[in-house]
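**Q** Give me a 3D structure for the following:
(one chain, ligands or ions: 1)
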Amino acid sequence: MSHLNDPRTTVSFYTLGCRLNQSESAVIRNTFEAQGYRVVDFLQPADISIINTCTVTEHGDADTRHLINKVTRINPNVRIALVGCQAQIQKEKLSELPNVTWIVGNARKMEMVFIINDHPENETKVQVITPAIPRDHFTIPITGFDREHTRGNLKIQDGCDFFCSFCEIPYARGRARSREFEDILMEARALAAAGHKELVLTGINIGTYQHEGKKLLQVIEALESIPELERIRISSIEPTTIPEEIFQRMGHDSKLCRYLHIPIQSGHDKILEQMRRKYTVGEFSQFIDRVYQNVRGICLGTDVIVGFPGETEHHFEQTYTLLRDLPFAYFHVFSYSQRHVAQSRKLTNPVDRAVIQKRSRILRDLSVRKRQVFLKNLIGSAQNVLFEQKKDGFWNGLTDNYARVKVKTEHDLQNQMRLMRMQGLDGPMLVGEMIS
Ligand code: SF4
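**A** Predicted coordinates:
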């Protein structure tokens, strides 16, 4: 193997978990390229493999082990860096895994290239770097150009102060903090100039953004003035943090996509209280109705947790009915799993595993049916589609209201925005015809 800081050294990346992790991995990867490392695909032999980990569900933990098995089969001498959320919380457990050389938490993971550059060649002990995460505003000095995705991620915030009882994000990513306003604009301009027509605002609790008097709304207003940028999309956002002006803007001559993903987590007040969520079912429903009435054609999505301790059949039925009746186009269903440091691990009335699986299935089926209804309602309408990839002879892309559309054409539509007429439905995708 080449020396760690030798330009011939190869490095591969894998990102688990959320969009925020993806956007951070893009930046980390660029820092390695800037230092002369050669980046290879994850399943190619590499001197170093960096896994940006996730700990939101138990799958995140299992996925890390699975990935380590895969890379060590390809290259038994690979040095592995585990960075991010799981590294922050479970350093002891992770340091026992084969080939792990570095465990670097969220506070320092963006400096990974320098940590590796400075690593003594003959060091055999696992290097563990997981200091507490500072609460200060932050900047990101390198742009996260992402050649693999048409839509660019723009990180504006990190961490969370809400401490929902099932969640260990505040422990893994620290308390809420915001990226400096001008720093966001600088990266946004660079990403737009590099060709990204759509940027997705990412963070952990982006509705709590604040820097020197600027809030999320001011970030959106400033981004709208970047001429090359055609769309701005808000990723997941907490229900109690969305200012009315945001959805007043959507669909009214704004670049803001008609899309909101707002986690509900449960449809019963008692469970919401146990989860330490900040709203009641009534407040949430009223809010969703108001958004739906104000933004014509909006796509509303949500997250729901099934099998939270103490969830009875009655609680579950209430959740089902609520999700059926609210105008959601889809939902992500998470089976509850006890996390290592989250407060809900102390609750004593677990739901049976088989019951959780059954309830999850029921909600996933409902979500599929609701998505079909949402898509069918778009048939006949004209929508702008940003095309992303060609698959099985069809180009496909997204409308601003998050419908995937495909079209058969000989033209190269990569990163092209086209006005399309929605003609029909093929599984989870609309089939379109080009208008212009
Ligand atoms: S709002 Fe709740 S669920 Fe979301 S990151 Fe914060 S603590 Fe976790």
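**Q** you'd agree Phe331 is in a strand?
**A** Yes - Phe331: assigned to a strand according to DSSP: H, G, I helix; E, B strand; the rest coil.
**Q** which residues touch it?
**A** Counting by Cβ atoms under 8 Å, 6 or more residues apart in numbering, Phe331 touches 264, 301-304, 323, 363, 366-367, 370. Glycine gets a C-beta too; all of them are placed from N, C-alpha and C.
**Q** now Gln414
**A** Contacts of Gln414 (Cβ under 8 Å, 6+ apart): 150, 387-390.
**Q** would CSV of the contacts of Phe331 with neighbour count be doable?
**A** Formatted as CSV, these follow (neighbours: other Cβ atoms under 10 Å):
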residue, neighbour count
Ile264, 23
Gly301, 20
Thr302, 24
Asp303, 14
Val304, 23
Leu323, 19
Leu363, 20
Leu366, 17
Ser367, 20
Lys370, 19
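**Q** picking that back up, make a PyMOL selection of whichever of the contacts of Gln414 turn out to be buried.
**A** Command for PyMOL that selects the buried part of the contacts of Gln414, burial taken from 16 or more other Cβ atoms under 10 Å:
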select buried, resi 150+387+388
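**Q** quick revisit: could you tell me which of the contacts of Phe331 belong to helices?
**A** Secondary structure defined by DSSP state H assigns 323, 363, 366-367, 370 of the contacts of Phe331 to helices.
**Q** where does the chain have low pLDDT?
**A** Counting by pLDDT under 70, the ranges of the chain that qualify are 1-7, 144.
**Q** Between all of the ones in helices among the contacts of Phe331, which two are separated the most?
**A** Leu363 and Lys370 (10.2 Å; Cβ to Cβ).
**Q** Near the ligand, which residues of the stretch 151-300 of the chain? Just list them.
**A** Proximity of the stretch 151-300 of the chain to the ligand is confined to 160, 162-164, 167, 169-170, 204-205, 238 under the rule Cβ under 6 Å from any ligand atom.
**Q** So which of these are in helices?
**A** 169-170.
**Q** Let me have the residues of the stretch 151-300 of the chain next to the ligand in a markdown table, adding distance to Leu97 and neighbour count as columns.
**A** Shown next, in a markdown table, are these (distance: Cβ to Cβ, whole Å; neighbours: other Cβ atoms under 10 Å):
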| residue | distance to Leu97 | neighbour count |
| --- | --- | --- |
| Cys160 | 28 | 22 |
| Phe162 | 31 | 17 |
| Phe163 | 29 | 14 |
| Cys164 | 29 | 21 |
| Cys167 | 25 | 22 |
| Ile169 | 23 | 22 |
| Pro170 | 25 | 20 |
| Ile204 | 26 | 23 |
| Asn205 | 31 | 20 |
| Glu238 | 34 | 19 |
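**Q** re the thing from before, just give me the closest of the contacts of Phe331 to Arg179.
**A** Asp303 (23.7 Å).
**Q** who's that closest one bridged to?
**A** Note on Asp303: beta-bridge partners by DSSP bridges are His332.
**Q** so what's Ile226 up against?
**A** By Cβ under 8 Å, 6+ apart, the residues touching Ile226 are 185, 188-189, 192.
**Q** So which of those wins on neighbours?
**A** Within those, Ala188 tops the neighbour count with 24 neighbours, counted by other Cβ atoms under 10 Å.
**Q** isn't that residue right up against Glu224?
**A** No - if you go by Cβ atoms under 8 Å, Ala188 and Glu224 don't touch, sitting 10.4 Å apart.
**Q** Now for Gln210, how many residues are close by?
**A** 16.
**Q** likewise the one 10 residues further on?
**A** Ile220 sits with 21 neighbouring residues when counted by other Cβ under 10 Å.
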